[in-house]
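> turn this into a structure:
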Amino acid sequence: MARAWVINSYSGYQGLSLVDVPVEQPGPGEIRLRIEAFALNWGDMDLMLDNYSFSFHDFPARIGMEAAGIVEAVGDGVEGISIGDRYCTLPYFYYQRGASTETLIIDASYVTPAPDGLSAVESASIWMQYMTAYFPLAEISKVGAGNHVLATAATSTAGTASLEIGRILGATMIGTTRFAANRDYLQTKGADHVVVTDGKGPSVAEQLLEMTGGKGIDAAFDPVGETMIAQYSPALARDARIYFYGTLDTKPPVLPMKDFFQKNATFQPYSLFNYVENPDMCARGKAFVYRHLKGGHIKPSIDRVYPMEEYKQAWDYLRQPRTSHGKVVIKTGL
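The predicted structure is shown next:
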């Protein structure tokens, strides 16, 4: 037997229970991981309230899409994966098979070798944030020198990943934060400019137009929604693209269509999972992350690590305003 955190209804993380589960054998094309660490993600919070891009098929269900562990068993047809090696899960539509467990059966197409030199905790904290930021900036908009990119809620792990990746690609990166105290942190992560959205200075759009020399932003990487889009939409550049990948506002936005019409802007509801399922794009994303981890251009940032038994306390911490930043991770102790 192994332990797993499960949920039995869309009741939020307060409804999680730690239970014993059987250790299963992988089927064709699958492997079994002995999970060493798994990370918390805001999308999991939404999923536990049925506010995410997919829903559970039934209950009980496990939570989580970011984990690292040791390969314990390999199913028929799996090649190139050896028992005893450390692998990471890639973000995917995981349905019932979340990573909040000590033993995980997963399709071999959704794992990748742990990067050299990283601990299990660090290895569990990479792929969601960097792959989420990679595809919009590097594959779709292909930003580079001369482009201005806005990352809202930039202290989030995906937000800071976008700053790092945008810097690598040569774009001018602008991050938003509610608190002026976060300015230095965002600049160390790659922000050329920081907009503090506390309402004490010029409007967000006015600041963006000044920062871009009147041109406006070419892309926005936005998990916030309605209360933020209307603030920056007057500062969209011609043919700007908005990548909307979260609902921190808890509801879909009402779009400022006048600004969109005037600038021929595109609003794209964006889910990383659709790109992970494209083998060629996924391979390019993984290669980018491996290369820049090795080069020291990106690196995992860990805020706190909790033991398996304190999963709910970890969620308590994640949902509170924080003065430190980075991933919150559960270490199973295995």
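> ok so residue 249 is a strand residue?
No - read with DSSP: H, G, I helix; E, B strand; the rest coil, residue 249 is coil and lies in no strand.
> residues in contact with it?
Counting by C-beta atoms under 8 Å, 6 or more residues apart in numbering, residue 249 touches 224-228. Where C-beta positions appear, they are placed from N, C-alpha and C, glycine not excepted.
> what helix or strand does the residue nearest the centre of the chain sit in?
With distances taken as C-alpha atoms, centre = their mean, the residue of the chain nearest its centroid is residue 129 (3.5 Å). For residue 129, the host element (DSSP states H and E) is helix 127-134.
> what residues does that helix touch?
With C-beta under 8 Å, 6+ apart, helix 127-134 has contacts from 39, 41, 65-66, 88-91, 112, 157-158, 160-162, 164-166, 221, 245, 272, 275-276, 285-286, 288-289, 298, 327.
> continuing past that helix, what's the next helix or strand?
Assigned by DSSP H and E, the successor of helix 127-134 is strand 148-151.
> is residue 150 in a bridge, and if so with what?
Beta-bridge partners recorded for residue 150 (DSSP bridges): residue 174, residue 220.
> and stretch 37-55, how far apart are its ends?
24 Å (C-alpha to C-alpha, to the nearest Å).
> report the mean per-residue pLDDT for it.
For stretch 37-55, the per-residue pLDDT values average out at 88.
> can you give me the offset of that stretch from its chain's centre?
Chain-centre distance of stretch 37-55: 11 Å, with C-alpha atoms, centre = their mean, to the nearest Å.
> buried ones in that stretch?
Residues of stretch 37-55 classed as buried: 37-48, 52-53 (neighbour count, 16 or more other C-beta atoms under 10 Å).
> then stretch 207-215?
Result for stretch 207-215 [16+ other C-beta under 10 Å]: buried residues 207-209, 211-212, 215.
> if we can go back for a sec, so which of the contacts of helix 127-134 are in strands?
39, 88-89, 112, 221, 327 (DSSP state E).
> just checking, residue 209 is part of a helix?
Yes - if the criterion is three-state DSSP, then residue 209 is within a helix.
> and the residue nearest to it when sequence neighbours are not counted, how far from residue 94?
The spatially closest residue to residue 209, leaving aside those adjacent along the chain, is residue 235, at 5.0 Å (C-beta to C-beta, 6 or more residues apart in numbering). As judged by C-beta to C-beta, to the nearest Å, residue 235 and residue 94 stand 37 Å apart.
> same thing with residue 268?
For residue 268 relative to residue 94 (C-beta to C-beta), the value is 23 Å.
> between these two, who's got more neighbours?
Taking other C-beta atoms under 10 Å, residue 268 and residue 94 do not tie; residue 94 has more neighbours (23 against 14).
> SS state for that one?
coil.
> any idea how far residue 38 is from the closest residue to it other than its chain neighbours?
Distances taken as C-beta to C-beta, 6+ apart place residue 65 nearest to residue 94, at 5.3 Å, with adjacent residues excluded. According to C-beta to C-beta, residue 65 and residue 38 sit 9 Å apart.
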